[in-house]
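Trainee: When you get a sec, could you give me coordinates for this:
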Amino acid sequence: GHKCPADVIQIKRQNRKTRKGMHEGCRHITPHAFSALKRAGQEDEGMFKDEFQAVVNAAKGKAALLKKNPLGYFLASMLAGLFIAFGTFISNGAAAPFYEAGDPMQRIMSSATFAAALSFVICCGAELFTGNNFVLAAAGFRKELKWGEIVKIWIICYIGNLVGSLIGAVVYQLSGVPTG
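Mentor: Just a heads-up that it's a prediction; the model follows:
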């Protein structure tokens, strides 16, 4: 079989018009041909470049929201914390009878009901810190947002999530549900 030398660069897709520099019978390209493709703007940037750019654009939208409406961004962060707190209460409540019975269904019930909290976060457009880590880091690695701006958004989002979850905990305690 055909074996390519170690100094070649593998690409996932090949430009069918540009066969010069391709090794016969494989999908590898010589470094020289890769440089020529790159100069021509035809290099393979990965399977998910459009999706990754959409994530980067979402990060830029979050940064724009914080600049345009800081209170709105903070409230969206608080709302996410509140949703996660309520999701935790519901999850624990739904799983408790299974836990007390020693039934392994407890984990399934806990997971299934907590997923509702994450659905609320997504459907309502709330700002959850964990999701922002991925989205904002993508923009940082692409150098489309400055890291200082990213860290500022992370801090505000984290504090908002914390405040929202604490409000949820206070409301839960005041409701009397934990004591029966």
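Trainee: only C-alpha atoms for contact and neighbour calcs from this point on.
Mentor: Will do.
Trainee: which stretch of helix or strand covers residue 170?
Mentor: In this assignment (DSSP states H and E), residue 170 forms part of helix 147-175.
Trainee: and that helix, which residues are buried?
Mentor: Neighbour-count burial for helix 147-175 flags 150, 153-154, 156-169 (criterion: 16 or more other C-alpha atoms under 10 Å).
Trainee: Likewise for stretch 60-77?
Mentor: Applying 16+ other C-alpha under 10 Å to stretch 60-77 flags 60, 62, 63, 66, 73, 74, 75, 76, 77 as buried.
Trainee: pLDDT on that stretch, on average?
Mentor: What stretch 60-77 shows for mean pLDDT is 96.
Trainee: so how far is that stretch off the chain centroid?
Mentor: Taking C-alpha atoms, centre = their mean, to the nearest Å, one finds stretch 60-77 lying 17 Å from the centre of the chain it belongs to.
Trainee: ends of that stretch, how far apart?
Mentor: End-to-end distance for stretch 60-77: 16 Å, by C-alpha to C-alpha, to the nearest Å.
Trainee: And the contacts of that stretch?
Mentor: Outside stretch 60-77, the residues within contact range by C-alpha atoms under 8 Å, 6 or more residues apart in numbering are 125-129, 139, 144-145, 149-150, 153, 156-161, 164.
Trainee: Please name every helix or strand in contact with the helix holding residue 170.
Mentor: On a contact count with 3 or more C-alpha pairs under 8 Å, 6 or more residues apart in numbering; DSSP states H and E, helix 147-175 meets helix 49-68, helix 70-100, helix 129-141.
Trainee: Now do the next helix or strand after the second one, average pLDDT.
Mentor: When you say that, I think you mean helix 70-100. Counting by DSSP H and E, the next helix or strand C-terminal to helix 70-100 is helix 105-124. Helix 105-124 shows a mean pLDDT of 89.
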